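I'll drop the sequence and a predicted model, then ask my questions.
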Amino acid sequence: MQFQPLYQSNALENLNNATSANNIHTLHVYLHKDGLAFNDGLGVLQGHIEWNKATKIQKDFWEKKGISPSQLNFVRVHICHQHFLLIPQKYDSPIYQIGFLEKALGEDTLMGQEIQVQKIASEAANLLFLVPSEWKDLLSYWFPLSQITYQHPLEDLITNSQENGLSISIHQQQAYIVLRKSGKLTLANIFTFSKATELAFYIHSIQDSYLIKWNSSSIQWLGEVDATLAEELIPLRIYTPTYSHEA
């Protein structure tokens with residue numbers, strides 16, 4: 001499944017409106033448990049590399065893609081990681097961050113991880129998410145001259161979700177899901193799935209639990225949905241923009 005930006009306006013923060021990897025100044029990379037993918041200046045998938053590749057292969061990978069560290073001013077890192085926590089800003093502090101994360105995710109979850117924070121003004125909350133230290137070290141090694149920033153796709157989804165109903169985006173085998181009822185944030189979660197039936201079951205369970213009326217506006221999909229996945233969801237009564245319907 002391809003990586004796609006949640007919003008073209010966010011993913012296209014290329015300083016030169018570049019059309020190829022050769023002249024970009026801002027690189028968007030998407031990190032997940034198996035490796036890294038990156039987009040060119042137009043948000044088009046340009047390459048993917050696994051974490052376990054040798055250093056020589058990693059270096060050759062960037063050279064073959066026309067990416068030179070000296071050309072890059074910024075590296076925008078999108079963390080496709082299921083470990084996150086929303087904390088009201090009035091309760092947020094470094095001590096509380098560790099305590100809440102250990103309670104929610106387990107004490108061992110923090111080993112080898114670094115905490116990143118994104119403020120979500122609309123919810124008066126902070127989104128805490130974890131970045132493996134080895135990922136950060138590798139990016140610093142690849143791009144020593146670049147300013148590297150980290151963000152979580154769930155922040156975009158929460159900020160841009162519809163006022164009433166489900167908002168969903170897909171990254172690799174993860175579904176980022178936000179539910180609002182009458183404008184109030186009711187659910188924010190990341191669901192890892194391996195096939196369409198698992199994703200459909202989870203979405204229908206939300207529908208049943210929160211008594212969502214199923215119609216064409218019940219689900220808002222942000223970003224692209226893989227065509228194969230979209231087709232597999234049809235007989236499971238999950239409809240994407242490619243296959244609209246009315247209940």
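Received the coordinates, thanks.

where do the domain boundaries of the chain fall?
The chain is divided into the following domains under automatic domain parsing: 1-160, 161-236.

those domains into CSV, with extra columns for mean neighbour count and mean pLDDT?
Quick note: C-beta positions are derived from backbone N, CA and C, even for glycine. Listed next are these as CSV, based on neighbours: other Cβ atoms under 10 Å; pLDDT from 0 to 100:
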stretch, mean neighbour count, mean pLDDT
domain 1-160, 16, 77
domain 161-236, 16, 91
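
can you tell me what sits against the helix ranked longest in the chain?
Longest helix in the chain by number of residues (criterion: DSSP state H): helix 196-210. Helix 196-210 has contacts (Cβ atoms under 8 Å, 6 or more residues apart in numbering) with 166, 168, 175, 177, 179, 181, 186-187, 191, 193, 212, 214, 218-219, 229, 232-233, 236-238.

give me that answer again for 10 Å
Defining contact as Cβ atoms under 10 Å, 6 or more residues apart in numbering, one finds that helix 196-210 is touched by 165-166, 168, 170, 173-175, 177, 179, 181, 186-187, 189, 191-193, 212-214, 218-219, 226, 228-238.

quick check: next helix or strand after it?
Counting by DSSP states H and E, the next helix or strand C-terminal to helix 196-210 is strand 219-221.

strands paired with that following strand, and their directions?
Counting by DSSP bridges, the strands paired with strand 219-221 are strand 165-171 (parallel).

how about the CA coordinates for the strand it pairs with, as PDB?
Extracted as PDB, the C-alpha positions of strand 165-171 are listed here (Å, rounded to 0.1, in the frame of the first residue of the first chain):
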ATOM      1  CA  GLY A 165     -18.900  11.300  11.900                       C
ATOM      2  CA  LEU A 166     -15.700   9.300  11.200                       C
ATOM      3  CA  SER A 167     -12.600  10.600   9.600                       C
ATOM      4  CA  ILE A 168     -10.000   8.100   8.400                       C
ATOM      5  CA  SER A 169      -6.600   8.100   6.800                       C
ATOM      6  CA  ILE A 170      -4.500   5.000   5.800                       C
ATOM      7  CA  HIS A 171      -0.800   4.800   6.100                       C
END
